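1. based on what follows, work out the 3D shape:
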Amino acid sequence: MTPAEIDSKLAELFGADLQAIAPNSWQVDTPSLRLLVLLSDDQSWLRLLIPITSALEAQPFLEQLLEANFDNTLETRYALHQGVLWGVFQHGCESLTAVDFESAVNQLLSLHQRGISDFFNQLVESRMRQIIKAAKLQGQTLEATLQTLDRFYEEGLMGDINQGSAGREETMAAWRYQLERLWHEVS
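-> Residues are numbered from 1 along each chain as shown. Just a heads-up that it's a prediction; the model follows:
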């Protein structure tokens, strides 16, 4: 793709939200996202960048992010730079087609929209499985495990001691749901 074709495609996709920020550099800036489109000085390489979250927020999920780069992100990748977790796409301009370009933009928008919530959910499920495994190794039943967790919340070992009974009941309902969902899957 040439710079003119890239400009045209971006205008088609983003209309008035598109800004040329320098020669061969564009930005899509809306209240919900910011996408940067950069060409190398010799116009041979294209890079698309979208900030997802701070590197600090992403830190607990680095292993899952790297696994996603290997398994799920298709042509796009997660990358860390200057304290930010980015979605990145790089491609040689000579072999880049308009269809591939639009696909990459859509993949980056999807990474941005999902943020790190999928990784948080995976981490929670992994920790839940560890709790279940530990409880089963101690010979506890599902009900005994729930009673232990309830006691931990009541005594302030887990959660907020000032949470109140309604908040604790809501928390325990979430624990019950997750434990019941996963209990029989963990051996």
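2. contacting residues around the most centrally placed residue in the chain?
-> Centroid-nearest residue in the chain, with C-alpha atoms, centre = their mean: residue 116, separated by 2.5 Å. Remark: with contacts taken as C-beta atoms under 8 Å, 6 or more residues apart in numbering, residue 116 is in contact with 52-53, 57-58, 61, 85. (Each C-beta comes from the backbone N, C-alpha and C, glycine too.)
3. please flag which of the residues you listed sit within helices.
-> 57-58 (DSSP state H).
4. show me which of the contacts of residue 116 are buried.
-> When burial is judged by neighbour count using 16 or more other C-beta atoms under 10 Å, the buried members of the contacts of residue 116 are 52, 58, 61, 85.
5. which of those residues sits closest to residue 185?
-> Distances from the buried ones among the contacts of residue 116 to residue 185 were compared by C-beta to C-beta; the smallest belongs to residue 61, at 22.2 Å.
6. the closest one and residue 80, how far apart?
-> Between residue 61 and residue 80 the distance is 11 Å, computed by C-beta to C-beta, to the nearest Å.
7. can you check residue 173 too?
-> When C-beta to C-beta is the yardstick, residue 173 and residue 80 sit 36 Å from each other.
8. chain center to the least confident helix or strand in the chain by mean pLDDT: distance?
-> Considering only helices and strands, the least confidently modelled element of the chain by mean pLDDT, DSSP states H and E is helix 164-182, at a mean of 84. Shown here is helix 164-182, whose average C-alpha point lies 25 Å from the average C-alpha point of the whole chain (C-alpha atoms, centre = their mean, to the nearest Å).
9. check what pLDDT the residue of the chain most remote from its centre gets.
-> When each C-alpha in the chain is compared with the mean C-alpha position (C-alpha atoms, centre = their mean), residue 139 comes out farthest, at 36.0 Å. On pLDDT, residue 139 comes in at 92.
10. and it, helix, strand or coil?
-> coil (DSSP: H, G, I helix; E, B strand; the rest coil).
11. quick one: it from residue 127, how far?
-> 21 Å.
12. the helices in the protein, which residues?
-> Here the chain has its helices, by DSSP H, at 3-14, 55-58, 62-71, 98-114, 117-137, 142-154, 164-182.
13. how about those in TSV, adding distance to residue 45?
-> TSV is the format used below for these (distance: least, C-beta to C-beta, whole Å):
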stretch	distance to residue 45
helix 3-14	12
helix 55-58	24
helix 62-71	19
helix 98-114	13
helix 117-137	29
helix 142-154	52
helix 164-182	45
